[in-house]
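K.L.:
return a 3D structure for these sequence lines:
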Amino acid sequence: MSYVEMHPVNPQKRFVDKVVGLLREGGVVALPTDSGYAIACRLGNKAGMDTIRDVRRLDDKHNFSLLCSSFAQLGELVILDNHEFRTIKALTPGPYTFILRGTKEVPRMTLNKKKHTVGVRLPDHAITQAVVSALGEPLLCSTLILPGETEPLTDGREVDESIGSRVDLVVVGPVGDAEPTTVVDFTSGTAEVVRRGAGDVSLFE
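P.N.:
Reported below is the predicted structural model:
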């Protein structure tokens, strides 16, 4: 079976454990988030990163994001000043990706080669939260936008049909929003909205 169907509010523990087991063994999974589907693997899983790049036809300049289960976990991965701390705290959990300088906790191969930055997400989604919490560490991910498309996949069965044979498991469940995350880049010292998506940007205008 290439997919499991999870309850959107109370994800079944046996399925969460199955996903976590696959991730710990080096697997790649597709799972719903609060802004479309994401394709994910464990942090530091180079083969998993290559699979994600292959599915999405990305080059090695692509910036990956880290899915976090808590603000405390997010804070261990990126360098935050007081303003960034308050801004991100006010907007999370939610459909945003924040680009910041990574800490030593983030493997070098995951960071942007020139800027040493990484995207971090704290999704407002029960299934994603259950998986990342049970794993006990952030997940490396990329929004599941297929080559030639501009919007992420949002239907689990469609994800299974499209890429089910290329990943270890597809988690079927509802997404929060059909749009990709709003991306906010803090690396220049001020907040710059580099992609408008599901998250409200009025705070930055």
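
K.L.:
low pLDDT regions in this structure?
P.N.:
For the chain, applying pLDDT under 70 flags the ranges 1.

K.L.:
please repeat the previous calculation with a cut-off of 90.
P.N.:
Across the chain, the ranges flagged by pLDDT under 90 are 1-2, 59-63, 113-115, 150-151, 177-179, 189-190, 203-205.

K.L.:
how about the helices in it?
P.N.:
Along the chain, the stretches classed as helices by DSSP state H are 13-24, 46-56, 71-77, 82-91, 126-135, 156-163.

K.L.:
deepest-packed of the ones you listed, please.
P.N.:
helix 126-135 (a mean of 22; mean count of other C-beta atoms under 10 Å). No exception for glycine: its C-beta is placed from N, CA and C like everyone else's.

K.L.:
touching, residue 127 and residue 173? I think so.
P.N.:
Yes. Counting by C-beta atoms under 8 Å, residue 127 does reach residue 173; the two are 4.8 Å apart.

K.L.:
coming back round to it: residue 143 is nearest to which of the helices of the chain?
P.N.:
helix 46-56 (8.7 Å; C-beta to C-beta).

K.L.:
now do the closest one: everything it contacts.
P.N.:
26-28, 39-42, 58-60, 62, 64, 109-110, 140-142, 144-147, 163, 166-167 (C-beta atoms under 8 Å, 6 or more residues apart in numbering).

K.L.:
chain center to that helix: distance?
P.N.:
With C-alpha atoms, centre = their mean, to the nearest Å as the basis, helix 46-56 stands 14 Å off its chain's centre.

K.L.:
just the angle between it and helix 13-24, please?
P.N.:
Helix 46-56 runs at 100 degrees relative to helix 13-24, counting by axes from the mean of the first three to the mean of the last three C-alpha atoms, to 10 degrees.

K.L.:
then helix 46-56 to CSV, C-alphas only?
P.N.:
Provided in CSV are the C-alpha atoms of helix 46-56 (Å, rounded to 0.1, in the frame of the first residue of the first chain):
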residue,chain,number,x,y,z
LYS,A,46,21.0,13.3,1.3
ALA,A,47,19.3,10.5,-0.8
GLY,A,48,15.9,11.9,0.4
MET,A,49,16.9,15.4,-0.8
ASP,A,50,17.9,14.0,-4.2
THR,A,51,14.5,12.2,-4.4
ILE,A,52,12.6,15.4,-3.7
ARG,A,53,14.7,17.3,-6.2
ASP,A,54,14.1,14.5,-8.8
VAL,A,55,10.3,14.5,-8.2
ARG,A,56,10.1,18.3,-8.6
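
K.L.:
identify the bridge partners of residue 184.
P.N.:
For residue 184, the beta-bridge partners are residue 98, residue 193 (DSSP bridges).

K.L.:
that one contacts residue 190, correct?
P.N.:
No. The pair residue 184 / residue 190 is not scored as a contact, 10.3 Å apart, by C-beta under 8 Å.
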